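S.K.: Okay, here's the prediction I keep looking at, along with the sequence it came from:
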Amino acid sequence: MKSNLRFALAVNAQHLFESRHFGDAEKFLLYDYRAGEMAFCKELTNPAKSFHHSFAHGSEEKASLLTELFASEKVDILVSKKFGGNLKRVNRHFIPVIIMQDSPKEALEIMQKHIHWLMEERHKHPAAFQLFQINQGILKTSVRQDKPLHRNMFFDETERN
């Protein structure tokens, strides 16, 4: 049974979370959780960032590119302030976590407090991992594969049409 986890944090050039979809981040910071500690592993430039937004937004090609990247890096958990339409594709391979914090340090500290929930989800090996929302506490919900995403969960009110 795997006793460590690898996290991919979607951040901007200043290494802060933004209210952008995971796949639109400037870069990804990889952290390893092992023996009760979080440790920085490496920084990756987002290869999907160069995709034209109208083509790439929610595209299968973008999801495939990022899935291959994170699978090759042995990532378990994707962390961002928001996920878009590709959440239904990536949660087949990775545990998605929505956080409210701007600072990766704060988000990692809170996730470390709730690491048993993430470990438990990882060890289940389901066909699709559940979505976690973490603020000071943690909420675990299913990602419905047969229905559209609930907009309020993933989008700011200012983005509504």
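M.R.: Done, it's in.

S.K.: elements contacting the longest helix seen in the chain?
M.R.: Counting residues, the longest helix in the chain under DSSP state H turns out to be helix 60-72. Where contact means 3 or more Cβ pairs under 8 Å, 6 or more residues apart in numbering; DSSP states H and E, helix 60-72 is packed against helix 87-90. Quick note: C-beta positions are derived from backbone N, CA and C, even for glycine.

S.K.: hey, C-alpha coordinates of the helix it packs on in PDB?
M.R.: Extracted in PDB, the C-alpha atoms of helix 87-90 (Å, rounded to 0.1, in the frame of the first residue of the first chain):
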ATOM      1  CA  LEU A  87     -12.700  17.700 -14.000                       C
ATOM      2  CA  LYS A  88     -14.700  14.700 -15.300                       C
ATOM      3  CA  ARG A  89     -11.700  13.500 -17.200                       C
ATOM      4  CA  VAL A  90      -8.900  14.100 -14.700                       C
END
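
S.K.: what's the offset of the next helix or strand after that helix from the middle of its chain?
M.R.: Downstream of helix 87-90, the next assigned helix or strand under DSSP states H and E is strand 95-99. Relative to its chain's centre, strand 95-99 lies at 5 Å (Cα atoms, centre = their mean, to the nearest Å).

S.K.: In its sheet, which strands sit next to strand 95-99, and in what direction?
M.R.: Using DSSP bridges, the strands paired with strand 95-99 in its sheet are strand 77-80 (parallel), strand 131-134 (parallel).

S.K.: Which of these has the highest mean neighbour count?
M.R.: Sort these by mean neighbour count, taking mean count of other Cβ atoms under 10 Å, and strand 77-80 sits at the top with a mean of 25.

S.K.: rewinding a little: which stretch in the strands paired with strand 95-99 is the model least sure about?
M.R.: Ranked on mean pLDDT, the bottom entry among these is strand 131-134, at a mean of 92.

S.K.: Can you name the next helix or strand after it?
M.R.: strand 138-141.

S.K.: Where do the helices of this protein begin and end?
M.R.: Taking DSSP H, the helices of the chain run over residues 53-56, 60-72, 87-90, 104-113, 115-124, 151-154.

S.K.: Dump the ones you listed into CSV; add mean pLDDT as well.
M.R.: Listed next are the helices of the chain as CSV, based on pLDDT from 0 to 100:
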stretch, mean pLDDT
helix 53-56, 53
helix 60-72, 93
helix 87-90, 91
helix 104-113, 95
helix 115-124, 93
helix 151-154, 48
